[in-house]
Each structure stands twice: as structure tokens, then as C-alpha cells.
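> output the structure for:
(chains A and B)
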Amino acid sequence: MSNGRDFDPDIEKFKQEFKKNIKYLYLAVGAILLIGFFTSSFYTIEPDEEAVVIRLGKYIGTYPPGPHLKLPFGIDKLIKVQTTRVLQEEFGFRTHSTRERRTSYAEDNFDNESLMLTGDLNVADVEWVVHYKISDPFKFIFQTSEPITNVRDVSESIMRRVVGDRAVSEVLTTGRKDVSIQARELIQEVLDRYDLGISIQTVKLQDVNPPEKVRPSFNEVNEAKQEQEKVINQAEKAYNDVIPEARGKAEKSISEAEAFAAALINTATGDAAKFLAIAKEYKVAPEVTRRRLYIETMEELFSRMENIVIVDEKVKGVLPIFNDASLVRAEK
Amino acid sequence: MQQVKLIVIGFIILFSVIIVSGSVFIVTEGQLAIITELGKPIREPLINAGLYFKIPFFQEVRYVDKRILTWDGFPSEIPTKDKKYIKVDTTARWRVIDALKFIQTVRNERGAKARLDAILDATTRDVISNNNLVEAVRNSNQIVKNIEDAKREIEAKKARGEAVVEEISGEIEKVTIGREKLSEIIARDAGKELESFGIKIIDVQFRRISYEKSVENKVYERMISERQKIAQKIRSIGQGERAKIEGRVTKDLQGIESEAYKDAQVIRGNGEAKAFKIYAKALSFDPEFYSFVRSLEAYRKSIGSKTKFILSQDAEFLRYLKRTK
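Take a look at the predicted model:
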């Protein structure tokens, strides 16, 4: 028992010490509680967010951006959701980084996502993005277990459905706009059935191509088109080389004919007028005029000649007297 | 006595903490809870979120997710009715509609997944293999109409004599059920079987349908040969157009030249005819005088200086050479 007695004063001492210091302990505990209370009851919501607040498991409201108070120690829980930001899901490719000046894309291929069957049972390689916003944060969190997975699954399914109703040539060329519009509508329609608080902003088709292995043959068609145009242009050129010239020449020959005809007519008219004038005068004194004209003509004619032989009308066979080379040659 | 008091107080606090923590529980949004007593569910499930109490030790709480859950099927290769091997990747959305049944039959989501896998895979297989490939690819007959329109347009073009490049190859099979309906049938059939597990299928989506690898290569080969056919056709149309143009060159050239010749001849002829008429009209005034004058003129023009002339003395011109009278 003596041991116990020895021990007693220590306990008494400790009790006294404890009583003296107890107010410090209270103070410390109070301070911790206070700090805990403040840190767990003040919070701010960023401008692009809204917060869903859950009190003891029950939804009590969605709060807008700004500073807010909540009940501490896990009584109120809040889940922040980016509601103003437009979110993006990529199909058939992944953006790797947008930090550099030029956006880089992941090297892997996502053929599984992008290869799809077209209505004519061909295959097209379609890449696209879906832009969406969270329109109802509460539903976004509590309506489905994996909202983003749902968006992706439905987008893939609908894109295949839309492409599946078109021929490959339409998907690759003229149908792009139609495809994205229709896909947006249908994706929204299906998601609305789940009521998961997401609104689809846009569906944008990116690269739409024939599958890798088929691509060269599509290029071949384009080359053939170029070739066709080239051949036709060359032929047109040859046509243009020849035909306009021929037309010019044709016009020329017609003009010449016209000139000829006009000249002929003019000459005729002139000749006729001259003849008529002369003939009229001739009628006045035919004998004299006739004689004069004859003599004048003969005069001119004979005066020009170097060689005139006059023979008596009684002489027959005058030819031998000519010692003319030309006549001799003619005889031979 | 002091120590005993402290120990008792300690025990009371510990005990009450255990009692409270064992009797208070929270049901969060998106969940529901079922209270079981010695393994047996009692009362209706608690479907509203909030704070609840139960008897500690004897009663247990089981939580069930009441949100829409996602099932992701493993892609499987299935032959279609028309013997085409395709890979079908389906997903489905489902939710627990009878929590009690759900807990009793499959216990939890993992248990449910096993049932979903079995039933959805089998139903998908049944439905796909009982239909032709197009039924799983296309949803409507819009493409059939489009192709008919395109064909008509091509015919019209041909009738107008224009060059037609893109021809539509083959017939496009009509769909009678369609992709959307097929997935609805799967959802309905699978849904019937899953009802007994307290599960409801909300929808089934064909996420991906693709050709099996060897079929895929054949399809690519077909696409390539189709393109090559078109390319060849385009080239030969080009050659044809060239020949047409070359023909036009010959035709137009000869046409232009011969027409010009014809026109020129007509013009010349008309001119000459007119000239004839003018001459005839004037000359008929005194034909005899004309032949006289014109003969004189002709002599003057045709008889040159080099001409040798033998003139008889009794020529008219020399009439006065022999005598004055």
C-alpha cells in the first residue's frame, strides 16, 4: 500500500496541473473547431461553373458563380459543374495538345471509331466532333451514371445511322452539311429520352475520306477527270486554230466574188452607155461614120506594123516569095 | 470511485457512438436504399434522398443505384442472314426498376452485368443473324429513292446527249425493318427476359457495325475496282469528246469552205448574168453596128506590131491606092 501512497501525490499534482491548464485545452479545441467551421463553410464558384448542393444526401439547389456559405463538416456537399463552357468530344481522332501555336493531334489511329458502313455497303472514314453544354447540372450528375459515355455512345450510333442512309459518294461530297445537321438533331433526340441534362450545340464533320486502302483509287478518278479536261481542251484548241481562219478566208472569197461581180456590172453598164451614145450618133450619118471608124482603125493598125506586103489581086501563090524563117519552120 | 466513473462514462460514449452510427444513414440523390432485417428486406425501398434511421445491429442498409446505367457489350462477330460476317458492337442503357427483385436475384451491379452480357449478346446475335446486313446498316429507303432520282437524271442527261460520268452500279436492296427498329427489337426481347431481375432496358444502340477483316478487304477491293472503272470511263469519255471535236473541225471546215465557194460562185454568176443583160439590152439597139465597132476594136487589140500582113491590092483599105474613085 505504501507504493500507492507514494503514487497519490503524483496524481494529485497532475490533477492540479490539469485543472490549471484545462482552459488552454478548451481554447485549442475551440480554435480547431472554428477554423474547421470556416474553412468548410465558405466556398467560391468560378464564373464558368455552377454548383449542385447536397445536404445530407438531399439535393437543395444549384448555385450560380460567386462566394457562398454552406453547412460545415460534410453536412452540405457541393459538386461543381462547368455549365457555360462548350465541351467537346472527338471521334476518329484526338487533339493531343493545343498549347503550341499549331494544334497537334494524337498519332494513333482511331479507325474503329471512324470507319463506317454507308448505305451502298461501302466504307467511309468519317471524323467528327460533338460540341455540347451541360444544361442541367443536377440531371447531369444524378440522371445517368456515365453521362459522357452516353454522349459518346449515342454520337457514334447516330453518326453511323445517318451515314448508313446515304451512298458513299454523297457522304464524301455533297452530303456533309446534311449529315451534320441530321446527326445533331437525332443525337439530341436520343439524349432527351435519357433526360440527362445535356444540350448538343453542334456536330461538325472533320475529315471525311474513303478508307486508307481505297484512297489512291479515288485520286485516280480525280486524275482521270483532269486528264479528260485536258484532252477536251486540246481538241478545242485545235478547233480554234482552224475554224476562225477558215471563216475569215470564206468571207474573203465572198468579198472577192462580190468585187468581181460589181466590176463586171460596172464595166457592162459603162460599155453599154458608151455604145448607146455612139450608136445614136451613128444613126444620124451611118455611112460616113462607118467609113471613118474603119479607116481610123486601119490607120492605127497598119501604122503599128513593121512589115506589110501588098500584092496584086491577080497574083496567085504568093507564099514562095517569103523567105521567112518562121514560115519555113512551119512548112517543115 | 473516480476511475470507475470515468471508465463508465467512456463506455457510454463509445456505446452511444456505435448505436448512433449504426442507426443513422444517408440516402444520396441517385440512390435508393433497402433495409433488411437479418437478410430479409423489410418495408418499401427508400426512394427519396435524405437522413434515415434504423435499428442498429439487426437491420442492414443496401444501396441501389437508381440512375440510368450503361452496359457496354463486347464486340462480337455475327453472320447475317445473307451470310456476311460483321462485327457488332452494342451498348445499352438500363436501370433498376424493382430494387427488391434486383437485390434478391442478382444482388448488385456486377451480378446484373453478367445477366445483361448473356441476355443482350444472345438477343443481338439472334436478331442480327435473322436479318440481312442492310437492315442493320440503313434505317430508311431514302437512299433507294435518291438513287432512283439520280438514275432518272442520268437517263435524262443521256437523252440530251451529255456525257455521263458517274453511273449508279447495281440495285440497292430495300430495307423492311431498319437499323433503329432492329435495336428496338433487341431492347424489347432482352427487356422481357430482364424484367424478372427488376431491370428495365431503356435502349440498345449499335455503336459500331463493321465488316469482319477478310470481308473488309473484299469490300475495299470492290471499291477500288469500281473507282478504276469510273476513272477508265472518264478517260474514254474524254477521248470520245476529243474525237467529236475533231469531227466537228472537219465538218465545219468543209462546210465553211464549200459554202463560201458556193456563195462566191452564185455572186459571180449573178454578176455576169446582170452584165449580160445590160449588154444585150444596149446592143440590141443596133446589133449590126455593134458587131462592126466591136470588130474594129478587137482588131486593134489583137493584132500587134510583130504581125506580118499580106494585103491584097483590092482590099477596102487600099481602095484609093490604085485609083482615086
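
> now do the contacts for residue 276.
Unless you meant another one, I'm taking chain A. Residues in contact with A:Leu276, defined by CB atoms under 8 Å, 6 or more residues apart in numbering or on different chains, are B:282, B:285. Using the backbone N, CA and C atoms, a C-beta is placed for each residue, glycine as well.

> was after chain B, sorry
A:Ala268.

> what about 10 Å?
A:264, A:268 (CB atoms under 10 Å, 6 or more residues apart in numbering or on different chains).

> shouldn't it be within a helix?
Yes: under DSSP: H, G, I helix; E, B strand; the rest coil, B:Phe276 falls within a helix.

> quick one: the helices in the stretch 101-250 of chain B, in order.
B:109-129, B:133-137, B:142-159, B:179-194, B:213-283 (DSSP state H, counting those that start in this stretch).

> and the first one, C-alpha only, in CSV?
I take that to be helix B:109-129. Output in CSV follows, covering the C-alpha atoms of helix B:109-129 (Å, rounded to 0.1, in the frame of the first residue of the first chain):
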residue,chain,number,x,y,z
GLU,B,109,-24.5,-4.3,-60.4
ARG,B,110,-21.7,-6.8,-61.0
GLY,B,111,-24.3,-9.6,-60.8
ALA,B,112,-26.5,-7.7,-63.2
LYS,B,113,-23.8,-7.2,-65.7
ALA,B,114,-23.3,-11.0,-66.0
ARG,B,115,-27.0,-11.4,-66.8
LEU,B,116,-27.0,-8.4,-69.2
ASP,B,117,-24.0,-9.8,-71.0
ALA,B,118,-25.6,-13.2,-71.5
ILE,B,119,-29.1,-12.0,-72.5
LEU,B,120,-28.1,-9.0,-74.6
ASP,B,121,-25.4,-10.8,-76.5
ALA,B,122,-27.7,-13.7,-77.3
THR,B,123,-30.6,-11.4,-78.4
THR,B,124,-28.3,-9.3,-80.5
ARG,B,125,-26.9,-12.5,-82.2
ASP,B,126,-30.5,-13.8,-82.8
VAL,B,127,-31.7,-10.5,-84.3
ILE,B,128,-28.7,-9.8,-86.5
SER,B,129,-28.4,-13.3,-87.9
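
> do it and chain A meet?
Yes: using CB under 10 Å from any CB of the partner chain, helix B:109-129 reaches chain A at B:Glu109.

> pLDDT wise, what is the residue of the stretch 201-325 of chain B found nearest chain A at?
Per CB to the nearest CB, B:Gly271 is where the stretch 201-325 of chain B lies closest to chain A, at 2.3 Å. B:Gly271 is assigned 93 on the pLDDT scale.

> the closest residue to it other than its chain neighbours: how many residues sit nearby?
Closest residue to B:Gly271 apart from its sequence neighbours, by CB to CB, 6 or more residues apart in numbering or on different chains: A:Ala261 at 2.3 Å. By the criterion of other CB atoms under 10 Å in any protein chain shown, A:Ala261 has 21 neighbours.

> tell me which element A:Ala261 is part of?
helix A:215-284 (DSSP states H and E).

> gap between the residue nearest to B:Gly271 and A:Ala250?
17 Å (CB to CB, to the nearest Å).

> now B:Phe57: phi and psi?
phi 70, psi -50 (degrees, to the nearest 10).

> all helices of chain A, in order?
A:2-39, A:111-114, A:137-142, A:147-164, A:168-172, A:176-194, A:215-284, A:286-304, A:325-331 (DSSP state H).

> just to check, the residue of the stretch 201-325 of chain B closest to chain A is in contact with A:Glu256?
No: B:Gly271 is beyond contact range of A:Glu256, at 11.6 Å (criterion: CB atoms under 10 Å).

> of those two, which one has the most company?
B:Gly271 (21 against 14).

> tell me which residues of stretch B:59-74 come out buried.
B:59-60, B:62-73 (16 or more other CB atoms under 10 Å in any protein chain shown).

> what average pLDDT does that stretch get?
pLDDT averaged over stretch B:59-74 gives 91.

> so it, near chain A or not?
Yes: applying CB under 10 Å from any CB, one finds stretch B:59-74 touching chain A at B:65-70, B:72.

> in CSV, list those residues along with secondary structure and distance to B:Arg115.
As requested, the residues of stretch B:59-74 next to chain A are exported to CSV (DSSP: H, G, I helix; E, B strand; the rest coil; distance: CB to CB, whole Å):
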residue, secondary structure, distance to B:Arg115
B:Asp65, strand, 16
B:Lys66, coil, 18
B:Arg67, coil, 19
B:Ile68, strand, 17
B:Leu69, strand, 13
B:Thr70, strand, 15
B:Asp72, strand, 15
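
> still on that earlier bit, and the helix holding A:Ala261 with helix B:213-283, angle?
0 degrees (axes from the mean of the first three to the mean of the last three CA atoms, to 10 degrees).

> in contact with B:Thr70, which residues?
A:144-147, A:149-150, A:153, B:91-94.

> next, the residue nearest to it when sequence neighbours are not counted: phi, psi?
Excluding the flanking residues, the one nearest B:Thr70 by CB to CB, 6+ apart is A:Glu146, at 4.9 Å. Dihedral angles of A:Glu146 (phi, psi; degrees, to the nearest 10) stand at phi -130, psi 80.

> can I see the domain layout of chain A?
A:2-79, A:87-97+A:105-213, A:281-331 (automatic domain parsing).
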